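Asker: I would like to see how this sequence folds:
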Amino acid sequence: MRPIPLTLALLFVTNVASRSEDGIVSYDGYKAVRISTHGNPSSIKERLSGIVYEQWNHDTHRHIDVIVPPSQVTAFEALGLHYLVMHDNLGESITAESHLRSNRRQAGDLSWYDSYHDYVDHIQYFEELHRAFPNNSELISSGTSYQGRDIFGLHLWGVAGPGKPAVLYHGNVHAREWITSPVVEYITFQLVNGYNNGDNRTRSILDRYDFYIVPIVNPDGFVYSQTTDRLWRKNRQPPPATANQSCVGRDINRNWEFAWDANPLGASTNPCSQSYKGEAPSDTPENQGLDKLVRQLRDSAGIKLYIDWHSYGQYILSPFGYKETLYAPELGKWTKAAGIVSETIRDSSEARTTFTFGPSGAVLYPTTGAAPDHIYSIGRAEFSYTIELRDTGEYGFVLPPEQIRPTVEEQWEGQRVLLTLLDEEFFDGVGPA
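Answerer: Sure, this is the predicted structure:
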C-alpha cells in the first residue's frame, strides 16, 4: 500500500476510524471502491486530495482502490468519478467473514479451508500435520514476535533425511492478508498427504528438497487484525520515543537488511505510515529471527526457492524491487518459470485466474528492505518470488471464506509445477522451460 499524506493519514486514524469502548475498530458504513484512472492516476489523486481515504492497491495506472469513511461518502460521490463498489458496507463484509470462522479441524479434514482461523488454531493445525508425518518432519521456530508469540513453522524432508536444498515459504507477513496462511498450509498438507499416500510426484519433490514453512510471520499483527482492526498491516512494535506514540508498528517487509535505504520511494520513514521501514535495518524481532534462519539455510545446503506470500492483485514478482531498472542475471529463468506457473494456475479451473509476472520494481512499484531481494542477494536463493494472491479488486483484502478453497487449490497446482522446474536447464530446447 502506498501511504496517504501524513495529515490525512492522521485524520483517518484519529478522527475517522470508529472505535468501540473496548477499542475495536469498526468499519461500519465504510465503502471500498475501485476508481478508474484512465491511465492518469495523478489526476485522480489530485481530485481525491480534499477528502479522507485510505488507498489499498499499488498498481494505479488503470484503477485506484480506496476505502472511504461514512463521513466522506457524500463528498466522494460529489467528485463524479467513475468507480465500482467493492464493498458497499465494509463493516458488514468483515462481520460476515469473521462469523464463518470455525473451530480447528483435523489435518485430513478439508473443511479447514472453508473458513478463517485464529492464531492458536493455526499452531494446532501444524502440530497435527507434524503428527501425520512424524518421521519426516519437525516443528520449528523462527524466533518470537515483539509481544512474545512464537513464529512457528514446520520442516519437511524425504526418504534420505534432512539436509537437502531448502524451499522456504513465508505467510501472513502483512497482518490483514489472511488468505496467505491457508495457502501455505494447504501446500504443506498436500506434501504430507501425497508422500504418505505414495504419490510419485510428491515423493520426488520431498526427496529432493527440504521444506521450511512459516505460515504466520507476523503473529502480533495477525492477532490484532482478528481482535481489534481487521485492516491492520504492520507488526505491533512501539514507535521511536520521539514519534507520535499512537503510530504503532513497523512493516516487516520493508525491514530486511539488503537495500533497506536504497531508494526513498521504496518505504516510509514516517512511523505513522503503513510502510514504515523502522529506525534501522532488521530492527524488528520478527525480522531478526527470520533472517537468522535464512542465513543458517544459506550456510548449510543452500536455498533453492523462496516465496513471500501476499495479497492481493494476482502477481508473481521476482527481484529486484528496490530499483525499477535493475535486472538480475537469473531474470530470464525466473520469468519463464513464473509464466509456466501462471499458465498452470489459469488452466487449473474454470475461474481461469490470471497472474501478471515479472521483476517487482518494474512491474509494480519500488520496495526497499523487502524479503525477496534480501533472500536472493544475502540468502543466495536460486529462485525468489513474491506471490500476490486473489483477487484483482472485487473484494481486496477482505476475501470471502468461499474463495479460500479455490485459492489454495490453484496455488497447489502452480507449486506442483514450479517445484519440478527448480533443477531444470532453462532455454536448452528440451523440456517445458
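
Asker: Model confidence score at T60, please.
Answerer: On the pLDDT scale, T60 is placed at 87.

Asker: Equivalent analysis for P41, please.
Answerer: 92.

Asker: OK, contacts around N193?
Answerer: 108, 132 (C-beta atoms under 8 Å, 6 or more residues apart in numbering). Where C-beta positions appear, they are placed from N, C-alpha and C, glycine not excepted.

Asker: Can you list the low-confidence ranges for the stretch 101-250 of the chain?
Answerer: Applying pLDDT under 70 to the stretch 101-250 of the chain picks out residues 101-105.

Asker: Just the strands from the stretch 301-433 of the chain, written as ranges.
Answerer: For the stretch 301-433 of the chain, strands defined by DSSP state E, counting those that start in this stretch occupy the ranges 303-311, 315-318, 356-359, 383-389.

Asker: Run me through the strand neighbours of the second one, direction for each.
Answerer: The partner list of strand 315-318 in its sheet, established with DSSP bridges, is strand 356-359 (parallel), strand 383-389 (antiparallel).

Asker: Who are the contact partners of the nearest residue in space to D391 that is not next to it in sequence?
Answerer: Once flanking residues are discounted, D391 sits nearest to Y312: 5.7 Å by C-beta to C-beta, 6 or more residues apart in numbering. Counting by C-beta under 8 Å, 6+ apart, Y312 makes contact with 57, 177, 179, 388-393, 395-397, 399.

Asker: Closest one to A370 out of those, please.
Answerer: E388 (12.7 Å; C-beta to C-beta).

Asker: which residues touch that closest one?
Answerer: 310-317.

Asker: And the residues you listed, which is closest to E46?
Answerer: Of the contacts of E388, the one sitting nearest to E46 (C-beta to C-beta) turns out to be G313, at 23.8 Å.

Asker: Could I get the full set of helices for the stretch 101-250 of the chain?
Answerer: 119-132, 180-196, 200-208, 219-227 (DSSP state H, counting those that start in this stretch).

Asker: closest one to V66 among the strands of the stretch 301-433 of the chain?
Answerer: Per C-beta to C-beta, nearest to V66 of the strands of the stretch 301-433 of the chain: strand 303-311, 17.0 Å.

Asker: For V25, grab phi and psi.
Answerer: With angles defined as degrees, to the nearest 10, V25 sits at phi -80, psi 130.

Asker: you'd agree it is up against S225?
Answerer: No. In this structure, V25 is not within contact of S225 by C-beta atoms under 8 Å, at 9.8 Å.

Asker: which neighbours do the two share?
Answerer: By C-beta under 8 Å, 6+ apart, the residues touching both V25 and S225 are L231.

Asker: how far out from the middle of the chain is stretch 306-318?
Answerer: Distance of stretch 306-318 from its chain centroid, counting by C-alpha atoms, centre = their mean, to the nearest Å, is 7 Å.

Asker: ok, now stretch 189-197?
Answerer: For stretch 189-197 - counting by C-alpha atoms, centre = their mean - the centre lies 24 Å from the chain centre.

Asker: Cool, thanks, signing off.
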